[in-house]
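K.L.:
okay, sequence plus prediction incoming.
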Amino acid sequence: MKKIGAALIVLAASQTGELSSNEAHAAKAAHMTTAGRSLRPIGHAMFCQQLPRECEVRTDDDTAPTLTRSKWRKMVLVNARVNSAVQPVTDQEYYGVEEHWTYPDKFGDCEDYVLLKRHMLMQQGFPPSSLLITVVLQPNGDGHAVLTVRTDRGDYILDNLEGKVKAWNETPYKYLKRQSTKHSGKWINIRDNRRKVASN
């Protein structure tokens, strides 16, 4: 696996401490509704060519894990620390190409934040089937990527544009597709039937 770099070292720092009032244990959320196979993003396809093991994880048991206070704390801390450690930059600015998904060192775009958060949470015991790269549309129509964390209490979002971990249906995005829970190299469509998209 490619060395993840300075951001990972920063994240290996203290994982203890009290949660603030804004980071209290999550209320019950909702689960997304999925609807059939989807094409995976070109950036993910290229990432899988570079690191095939990342995209070969399969499982028949994709039961959403129990959301404990300990898991919630890990989600909150990983989200905050990655957002703080990595400086946002576009792939075009940094690599000179339109799409380049990778583990970030000091700089990265939204997909890179997601990859690092996913990796860190897997290291802390979250199953890969509960950590799903997810493609959304921002309110202005721009594409974006976030990390969906599936739990028995619903689906939660870790986002480099948002300091708080939120239920997916409390975010302002239109959800398009995400990784399959059963195969990390495949993607499925999301049926986002919310009548009103949440606003920040």
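P.N.:
Sure thing, it's come through.
K.L.:
where do the strands of this structure begin and end?
P.N.:
34-38, 87-88, 107-108, 131-137, 143-151, 154-159, 162-167, 174-179, 187-190 (DSSP state E).
K.L.:
what would the ones you listed look like in JSON lines with mean neighbour count?
P.N.:
(Each C-beta comes from the backbone N, C-alpha and C, glycine too.) Shown next, in JSON lines, are the strands of the chain (neighbours: other CB atoms under 10 Å):
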{"stretch": "strand 34-38", "mean neighbour count": "14"}
{"stretch": "strand 87-88", "mean neighbour count": "14"}
{"stretch": "strand 107-108", "mean neighbour count": "21"}
{"stretch": "strand 131-137", "mean neighbour count": "23"}
{"stretch": "strand 143-151", "mean neighbour count": "23"}
{"stretch": "strand 154-159", "mean neighbour count": "23"}
{"stretch": "strand 162-167", "mean neighbour count": "17"}
{"stretch": "strand 174-179", "mean neighbour count": "22"}
{"stretch": "strand 187-190", "mean neighbour count": "20"}
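K.L.:
would you turn the ones you listed into a markdown table with mean pLDDT?
P.N.:
Shown next, in a markdown table, are these (pLDDT from 0 to 100):
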| stretch | mean pLDDT |
| --- | --- |
| strand 34-38 | 94 |
| strand 87-88 | 96 |
| strand 107-108 | 96 |
| strand 131-137 | 98 |
| strand 143-151 | 98 |
| strand 154-159 | 97 |
| strand 162-167 | 95 |
| strand 174-179 | 98 |
| strand 187-190 | 98 |
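K.L.:
Ala64: which of the ones you listed is closest?
P.N.:
strand 143-151 (4.4 Å; CB to CB).
K.L.:
pLDDT weak spots in this structure?
P.N.:
1-28, 196, 199-200 (pLDDT under 70).
K.L.:
tell me the spacing between the residue sitting nearest the centre point of the chain and Arg195.
P.N.:
By CA atoms, centre = their mean, the chain has its centre lying nearest to Leu147, at 1.3 Å. As judged by CB to CB, to the nearest Å, Leu147 and Arg195 stand 25 Å apart.
K.L.:
with Val97 instead?
P.N.:
From Val97 to Arg195 the distance is 38 Å (CB to CB).
K.L.:
more neighbours: those two, which one.
P.N.:
Val97 (11 against 4; other CB atoms under 10 Å).
K.L.:
first-to-last residue distance for stretch 62-69?
P.N.:
Stretch 62-69 stretches 21 Å from its first residue to its last (CA to CA, to the nearest Å).
K.L.:
how near is the residue lying closest to Ala198 once chain neighbours are set aside to Ser130?
P.N.:
Counting by CB to CB, 6 or more residues apart in numbering, Ala198 lies nearest to Glu170, which is 4.8 Å off, once chain neighbours are set aside. For Glu170, the distance to Ser130 equals 19 Å [CB to CB].
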